[in-house]
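**Student:** just to be clear, the model below is a prediction. Sequence and coordinates:
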Amino acid sequence: MQPTDIATFYDQVPYPRLAYHYTHPDRMAVIGRLFGMQPKSVAHCRVLELGCAAGANLVPLAYTLPRSEFVGVDLSIRQIAEARAMAAALNLDNVRLEQMDLCELNASYGEFDYVVAHGLYSWVPECVQSQVLDVCASVLAPHGIVYVSYNAFPGCHLRRMLRGMAMYHVRSVEHPREIAPQVRGLIEFLAAMARPADSPYALVLHELKQTVAQMSDSGLIHELLEADNHPVLFHDFIRAAEAAGLQYLTEATFADRADLGVKPDVLGRLREQHGEIGSEQYLDFFNGQSFRRTLLCRCEVTLDRSIRSEQVDDFLVASSAETVLANADLAGDTSVRFVTIHGVATSSHRPIFKIALVLLAAQYPLAIPFPELCQKIGLQLGRTLRDDEIVALRGELLSRFMMEKEVIELRLSQPLFTYQPGPLPLASSVAMYQAAQGWPLVTLTHKMTGIPDSNMTHLLPLLDGEHNWEQLVDCLANANVSEARASTSSSCEPHQEVLRKALAYFARHGLLVQ
């Protein structure tokens, strides 16, 4: 395979059609608030995405935030055409999609409260990387926030090794779509043949094999084989950001740093000796970090890094974590295990927190204002929560938000979704469009999900707000799906149960609109 122009390359092999929860402006706003910023309300904000690809990240945001403005730019003619088609199909008039070089952005586009550059910085020429940051700084509002993802050293030294081997192996391949199977075969072969099997090199190859297995074909091609692939040290990225007039806010995912297992006293000494940026760099060395999702803001913004638990009072709280036991001990000190809809497990022995999770899960994906959550817990207990219990709950929620991936969600806004299907169920137009295209689905909470069975695949297009439950049951009964064929009874009850479970699934995954 010969190096090719980046725009042509993305036309030939489009980037995976994915949304990234951490790029949602509401999440960035929550983090900004925790650090003392006053970011713009996402109900009326302006969002720019550099390298928006086919719009799978940006267009769903425009759908869920109809009073905000969105602009996406990308070099690929094919991908911008696909993004425009999606926006047109959804009748969105608050999103502008441009096929252009990001360096062509100028003052005519105005200021933006949130700027997203996902999967861009490490995949442009090194001389363009500084321009990416310059563009972000030039269009950023005074209290705006920038999200930039990038490949990082030291972990990417291993991926660069794989890239070199893959580039050699497919050097004669003509079309990019022929590459992925050959790369997968190469790493399978190398991992199987490495001797001795328990040598450090063999272990590295097996690690790379697992990495490749988790990538889609297009993701693998863009990650490994683009002409430009330039990981950076975190320290060097921040220095480049500072040169553009931006400063480090934090990582979009706190939990990525919480998993390192560094003792608090060690972390304290690191920060004392090397400061915020230096200590983060040493943590990357410790963890072998290969990818970062970094948030930036303007250099003149004064940040307050002393995050306080009482800040939780200003947020909405959500959690999908359900207890795995039918009769779990919520009132006692017994530890109870909970699991989110995405399979993330957590546990707690604290009664107040256990009750909070049960109450939050019952209404997920809706979020509950913290004061209202305290009232609901009090009703469950038959008494008002004591001040010390409220303080403890604040701390627990904030700690879990920062330390555990997606167990606790803090929000400042709430999409118009429902956790209870109505008499005329209505699905998200984004989900219906994506399902029709055969793409992964983006929920109204801006997370990715799938459709687990054929009954749900058949049902989703019918959730148009014009079919009642009885009509939907009839459609299921007449559909050529496995559940209908398996039923030997003339009763509609099996199909009613299938419908109930399907609608509950759609509601819980944030796919139904009020």
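**Tutor:** Yes, it's here. Keep in mind the model is a prediction, meaning the values are calculated, not measured.
**Student:** where does pLDDT dip in the chain?
**Tutor:** Within the chain, the ranges that satisfy pLDDT under 70 run 1-15, 257-260, 480-493.
**Student:** assumed residue 144 was part of a strand.
**Tutor:** Yes. Assessed with DSSP: H, G, I helix; E, B strand; the rest coil, residue 144 lies in a strand.
**Student:** so what's it up against?
**Tutor:** 39, 40, 111, 112, 113, 114, 115, 297, 298 (CB atoms under 8 Å, 6 or more residues apart in numbering). From N, CA and C alone the C-beta is placed, and that goes for glycine too.
**Student:** surely residue 291 touches residue 154?
**Tutor:** No. The criterion here is CB atoms under 8 Å, and residue 291 misses it with residue 154 at 12.0 Å.
**Student:** residue 328 looks like it's in a strand, true?
**Tutor:** No. Counting by three-state DSSP, one finds residue 328 to be coil, located in no strand.
**Student:** and it, how many residues sit next to it?
**Tutor:** Using other CB atoms under 10 Å, the number of residues around residue 328 comes to 18.
**Student:** thought it was touching residue 336?
**Tutor:** Yes. Here residue 328 reaches residue 336: they are 4.6 Å apart, a contact under CB under 8 Å.
**Student:** one step back: can you tell me which of the contacts of residue 144 are buried?
**Tutor:** With burial judged by 16 or more other CB atoms under 10 Å, the buried subset of these is 39, 40, 112, 113, 114, 115, 297, 298.
**Student:** tell me how far the third one lies from residue 25.
**Tutor:** Spelled out, that is residue 112. Distance, residue 112 to residue 25, using CB to CB, to the nearest Å: 10 Å.
**Student:** same deal with the first one?
**Tutor:** When distance is defined by CB to CB, residue 39 is 8 Å away from residue 25.
**Student:** what is the end-to-end distance of stretch 81-101?
**Tutor:** Using CA to CA, to the nearest Å, one end of stretch 81-101 lies 15 Å from the other.
**Student:** buried residues in it?
**Tutor:** Result for stretch 81-101 [16+ other CB under 10 Å]: buried residues 82-87, 90, 92, 94-95, 97-99.
**Student:** among these, which are in helices?
**Tutor:** 82, 83, 84, 85, 86, 87 (DSSP state H).
**Student:** okay if I get these as CSV plus distance to residue 283?
**Tutor:** As requested, these are exported to CSV (distance: CB to CB, whole Å):
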residue, distance to residue 283
82, 39
83, 36
84, 41
85, 43
86, 39
87, 40
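**Student:** just the CA atoms of stretch 440-451, as PDB, please.
**Tutor:** What follows is stretch 440-451, C-alpha atoms only, in PDB (Å, rounded to 0.1, in the frame of the first residue of the first chain):
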ATOM      1  CA  PRO A 440     -24.400   1.300  15.500                       C
ATOM      2  CA  LEU A 441     -27.000   3.300  17.400                       C
ATOM      3  CA  VAL A 442     -26.300   6.500  19.400                       C
ATOM      4  CA  THR A 443     -28.600   6.900  22.400                       C
ATOM      5  CA  LEU A 444     -30.000  10.200  23.700                       C
ATOM      6  CA  THR A 445     -27.300  10.100  26.400                       C
ATOM      7  CA  HIS A 446     -24.800  10.000  23.600                       C
ATOM      8  CA  LYS A 447     -23.600   6.500  24.200                       C
ATOM      9  CA  MET A 448     -23.300   3.600  21.800                       C
ATOM     10  CA  THR A 449     -25.700   0.600  21.900                       C
ATOM     11  CA  GLY A 450     -26.900  -2.200  19.700                       C
ATOM     12  CA  ILE A 451     -30.100  -4.100  19.100                       C
END
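**Student:** circling back: identify the contacts common to residue 328 and residue 336.
**Tutor:** With CB under 8 Å, 6+ apart, residue 328 and residue 336 have common neighbours residue 354.
**Student:** just say helix, strand or coil for the residue lying closest to residue 351 once chain neighbours are set aside.
**Tutor:** Distances taken as CB to CB, 6 or more residues apart in numbering place residue 331 nearest to residue 351, at 5.4 Å, with adjacent residues excluded. Three-state assignment for residue 331 (three-state DSSP): coil.
**Student:** so how many other residues sit close to residue 331?
**Tutor:** Count around residue 331 with other CB under 10 Å applied: 11.
**Student:** now it. Its backbone dihedrals?
**Tutor:** The phi/psi pair for residue 331 (degrees, to the nearest 10) reads phi -80, psi -20.
**Student:** check what contacts stretch 93-111 and list those residues.
**Tutor:** 46, 48, 50-52, 55, 58-59, 62, 65-77, 80-81, 83-84, 87, 128, 131-132, 135, 138-141, 144.
**Student:** pull up the distance across that stretch, start to finish.
**Tutor:** Counting by CA to CA, you get 19 Å between the two ends of stretch 93-111.
**Student:** how far off centre is it?
**Tutor:** For stretch 93-111, the gap between its own C-alpha mean and the chain's C-alpha mean amounts to 24 Å (CA atoms, centre = their mean, to the nearest Å).
**Student:** okay, which residue is most central for the protein?
**Tutor:** residue 21 (2.4 Å; CA atoms, centre = their mean).
**Student:** just checking, it touches residue 445?
**Tutor:** Yes. If you go by CB under 8 Å, residue 21 and residue 445 touch, sitting 7.4 Å apart.
**Student:** what about the residue lying closest to residue 416 once chain neighbours are set aside, how many neighbours?
**Tutor:** Of all residues not flanking residue 416 in the chain, residue 514 sits nearest, at 5.0 Å (CB to CB, 6+ apart). Neighbourhood size, residue 514 [other CB under 10 Å]: 10.
**Student:** what sits against the residue nearest to residue 92 when sequence neighbours are not counted?
**Tutor:** By the measure of CB to CB, 6+ apart, the closest residue to residue 92 outside its immediate chain neighbours is residue 62, 5.1 Å from it. The contact partners of residue 62, by CB under 8 Å, 6+ apart, come to 68, 70, 87, 92, 94, 95.
**Student:** so which of the residues you listed is the closest to residue 396?
**Tutor:** Closest approach between the contacts of residue 62 and residue 396, by CB to CB: residue 68, at 32.2 Å.
**Student:** and for that closest one, the neighbour number?
**Tutor:** Count around residue 68 with other CB under 10 Å applied: 21.
**Student:** distance of it from residue 168?
**Tutor:** For residue 68 relative to residue 168 (CB to CB), the value is 47 Å.
**Student:** just residue 104 next, same as before
**Tutor:** Going from residue 104 to residue 168 by CB to CB gives 36 Å.
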